[in-house]
Each structure stands twice: as C-alpha cells, then as structure tokens.
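Q: Provided below for reference: sequence and predicted model.
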Amino acid sequence: MNQQNCCCCGGNQVDERLENAKEVIQKYKDVKGGLIPVLHQIQNIYGYLPEDVLKIVSQELNVPMSEIYGVASFYSYFSLEPKGEHIIRVCLGTACYVKGAQGLIDRLSKELGIEVGKTTADGKFTLEATRCLGACGLAPVMVIGEKVYGRLTPEDIPNILKEYK
C-alpha cells in the first residue's frame, strides 16, 4: 500500500481525507483558476492545509509550491497549521482596542499558555487576533466558535474558558 494513503496512526487504514482531497484535486485539475477552490475544499476536509497534501496539489495542478504558499498566506481564511477544537477570536479593531482588547489577549495567552496564532498542546483552543468583528457597540469583543462575548474584562476570561474545558 502506498504510504501516502495511510492514516497518521501508522496502521494500514486508508486515510479517507486524503482520498477525498485527491478527488477534489482531480475535479479541478483542468479548471483555470482552480487553485483557490481546491485549497478551500482541502481546508474543509482537514481543518487546515497540510504540507504533504499541498505537495500533491502542486504536482497535480502543476502550480509551484511558492505560488500555493503565496495564496495560502495571503488569504486569512487559510491556515497552514491545525486549528483547535475551539477557535477564540479577539477583535483588535479600533473600538475594541481602545476599550482594552489587548488585555484580553494577554489574559488568554496566560491562561492557555499560547501566543496569538497558536493552538494549545491538547488541541482544544486556538487563539487568534482579528480585525473588526462587527460588534463595536459591545467592545471589547471576543468570539468562541459562533458565540459572541462583549464588554469583557481580563477577569472574565477564566470563567468563560471553563465553559469549554
């Protein structure tokens, strides 16, 4: 069996995600401008863009890795690292920043033991700083998944995190 098709557990089970990714790549192989749709669908499959899969994209679509990385790093939707089960986004737009959003990030970093853009070792949380979340009247604002938390102080953070642990 081709090692590329095996799951990461070291067994001989076929990684269905890789098979799905290969189907997506084949679907867009001859489509002009197919790179972005391929990357979107691969991210939907894996939750991020794994390097080994990007190498297959490069070979099959005949697109240099430098171009793929250029696209993946330009668009904020794409991630080259695995994301946590819960993605925490703290707004750093003007209203939120002025009302103390940096203090929220500092407290989250301390509580989770990670920097912005990183994921906890247990894969539970990813911390992201974003621009406007569209809830300026609730500044400072943080979103976990789909839930919006507004008018926060750093002291609110431990209790909110308890909801997700």
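A: Now that the structure is in, tell me what you want to look at.

Q: List the contacts of the residue nearest to S58 when sequence neighbours are not counted.
A: Nearest non-adjacent residue to S58, counting by C-beta to C-beta, 6 or more residues apart in numbering: M65, 5.0 Å away. From N, CA and C alone the C-beta is placed, and that goes for glycine too. M65 sits next to 54-55, 58 when contact means C-beta atoms under 8 Å, 6 or more residues apart in numbering.

Q: count of residues packed around Y149?
A: Neighbour count of Y149, defined by other C-beta atoms under 10 Å: 19.

Q: Next one: the closest residue to it other than its chain neighbours from S109, what distance?
A: Excluding the flanking residues, the one nearest Y149 by C-beta to C-beta, 6+ apart is M142, at 4.8 Å. Here M142 is placed at a distance of 13 Å from S109 (C-beta to C-beta, to the nearest Å).

Q: out of these two, which sits in the more crowded spot?
A: M142 (26 against 14).

Q: Who does that one form a beta bridge with?
A: V90, Y149 (DSSP bridges).

Q: can you pull the pLDDT of it?
A: M142 carries a pLDDT value of 98.

Q: That one and L92 touch, don't they?
A: No. Counting by C-beta atoms under 8 Å, M142 stays clear of L92, with 10.7 Å between them.

Q: for the record, mean pLDDT for stretch 15-30?
A: Here the average pLDDT along stretch 15-30 is 96.

Q: what's the offset of that stretch from the middle of its chain?
A: The chain centre lies 20 Å from the centre of stretch 15-30; the measure is C-alpha atoms, centre = their mean, to the nearest Å.
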